[in-house]
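[1] With the input below, show me the fold.
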Amino acid sequence: MSANTFHTVRQLLRAVPAALARSPEQYDVAGKVVVITGGATGIGFALARLLRERGARVALVDIDGAAADAAAARLGGRAIGMRADVADRADTRDAIARVREHFGGIDVVVANAGIVPKPSSIRLMDPADFDRVLAVNLTGVFNTIHPALDDIVAARGHVVVVSSCAAFAPGMGGSPYMVSKAGVEQFGRALRVELAASGATAGVAYFGVVDTEMTHGTLDDDDMGAEFGDLLPWPLNKRISAAEAAASIADGIARRAPRTIAPAGWEPYAMLRGALNVVLDQQLSTDERVRSLTNRLEQRIRADRTVVN
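    Got it, this is the predicted structure:
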């Protein structure tokens with residue numbers, strides 16, 4: 001190891017305690033304007049309700065405009081619903097402009113909207129499914145945040161991008177989701193560094209298995225999805241409620257956290273994934289259960305296509 005490399009490593013190691021310490025800065029959302037995409041249901045609605053209880057004014061943006069309006073009505077005052085498809089850049093820009101016009105500005109943005117693909121191997125995947133997942137989960141994050149950044153900087157506000165612990169692991173049968181969430185992670189990290197000089201902040205939220213309708217449709221209501229889910233060992237297979245996920249985000253906003261992870265069982269994996277993934281990739285690629293599941297998944301896809309044709 002050269003002297004320069006050794007010095008760099010030593011400096012990084014010295015910075016570890018500070019990086020792991022919780023930020024002493026507190027951010028009070030009372031009176032602040034918070035935009036939440038995917039806000040009509042699940043984690044998004046639970047977060048909107050919690051932040052409103054803490055005094056925030058909330059805009060629930062969702063592709064289902066009627067559901068967004070109904071969700072806002074359930075919250076009562078200081079909440080509005082807004083329809084937008086985050087994959088549509090102009091649509092989302094217009095929604096952000098309408099939120100700004102209604103409330104007079106934007107202090108916090110939570111890019112939460114996301115979808116999952118139909119289970120498929122990469123070989124037999126419909127390219128349109130891959131494109132749609134990345135359009136919503138990754139490009140949709142950019143489309144949501146970009147038009148609000150001048151507001152965030154002016155208000156010295158905060159941004160949260162919702163990634164996933166799925167970004168840490170190989171995504172057999174659902175690779176577009178893992179790819180998109182890994183991209184969201186990197187987007188959030190870059191944004192935090194870029195915003196630092198302005199006094200604004202950004203953080204990445206990671207979740208394991210959250211008990212939502214999306215999870216039920218992906219893991220519980222699909223036999224093969226359930227089998228893939230069973231590959232997760234304890235405590236990684238522990239489920240949390242949408243309310244618990246929302247609390248993780250809300251508390252992260254309150255301390256301008258660079259990252260939040262829930263449930264806590266994923267934290268060691270997150271810290272050690274560089275080494276663990278080398279072992280995990282090898283283990284999964286030789287696991288007969290995984291091979292069998294992949295083969296049966298491809299057989300099901302071919303059978304479904306035969307029926308359609």
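
[2] just so I have it, where are all the helices in the chain?
    Per DSSP state H, the chain carries helices over the ranges 3-20, 42-53, 65-75, 89-103, 127-134, 140-145, 149-155, 175-195, 213-215, 223-229, 242-254, 267-286, 288-308.

[3] Tell me which other helices or strands the fifth one touches.
    Using 3 or more C-beta pairs under 8 Å, 6 or more residues apart in numbering; DSSP states H and E as the contact criterion, the secondary-structure elements in contact with helix 127-134 are helix 175-195. All C-beta atoms are positioned from the backbone trio N, CA, C, and that covers glycine.

[4] List the buried residues for the helix it packs on?
    Residues of helix 175-195 classed as buried: 175-185, 187-189, 191-192, 195 (neighbour count, 16 or more other C-beta atoms under 10 Å).

[5] Mind listing residues that contact that helix?
    111, 114, 116-117, 122, 125, 129-130, 133-134, 136-138, 141-142, 145, 152-153, 159-164, 166-167, 169-171, 201-204, 206, 258 (C-beta atoms under 8 Å, 6 or more residues apart in numbering).

[6] and it, what's its mean pLDDT?
    Per-residue pLDDT over helix 175-195 has a mean of 96.

[7] what's near enough to touch Asp129?
    Contacts of Asp129 (C-beta under 8 Å, 6+ apart): 117-118, 120, 176.

[8] wait, which of those residues is closest to Arg49?
    Pro117 (28.8 Å; C-beta to C-beta).

[9] For the residue most central in space within the chain, give its distance to Ile249.
    What sits nearest the mean C-alpha location of the chain, by C-alpha atoms, centre = their mean, is Val162, with 2.2 Å. Distance of Val162 to Ile249, computed by C-beta to C-beta, to the nearest Å: 8 Å.

[10] How about Val86?
    For Val86 relative to Ile249 (C-beta to C-beta), the value is 17 Å.

[11] before we move on, what about Thr92?
    Distance from Thr92 to Ile249, by C-beta to C-beta: 20 Å.

[12] Now stretch 127-144: buried residues?
    Neighbour counts over stretch 127-144 (16+ other C-beta under 10 Å) mark 130, 133-144 as buried.

[13] And stretch 269-281, by the same measure?
    Those would be 269, 273, for stretch 269-281 by 16+ other C-beta under 10 Å.

[14] what's it in contact with?
    165, 168-170, 206, 236, 261.

[15] How far does that stretch sit from its chain's centre?
    20 Å (C-alpha atoms, centre = their mean, to the nearest Å).

[16] same thing with stretch 79-99?
    So, by C-alpha atoms, centre = their mean, the centroid of stretch 79-99 is 18 Å from its chain's centroid.

[17] who touches that stretch?
    With C-beta under 8 Å, 6+ apart as the criterion, stretch 79-99 contacts 33, 35, 37, 39-40, 48, 52, 57-65, 67-73, 102-103, 106, 111, 113, 132, 135-136, 139-141, 143-144, 147-148.

[18] of the residues you listed, buried ones?
    Buried among these (16+ other C-beta under 10 Å): 33, 35, 37, 39-40, 48, 52, 57-63, 65, 67-69, 71-72, 103, 106, 111, 113, 135-136, 139-141, 143-144, 147-148.

[19] what phi and what psi does the backbone show at Gly77?
    Per-residue torsions, Gly77: phi -60, psi 160 (degrees, to the nearest 10).
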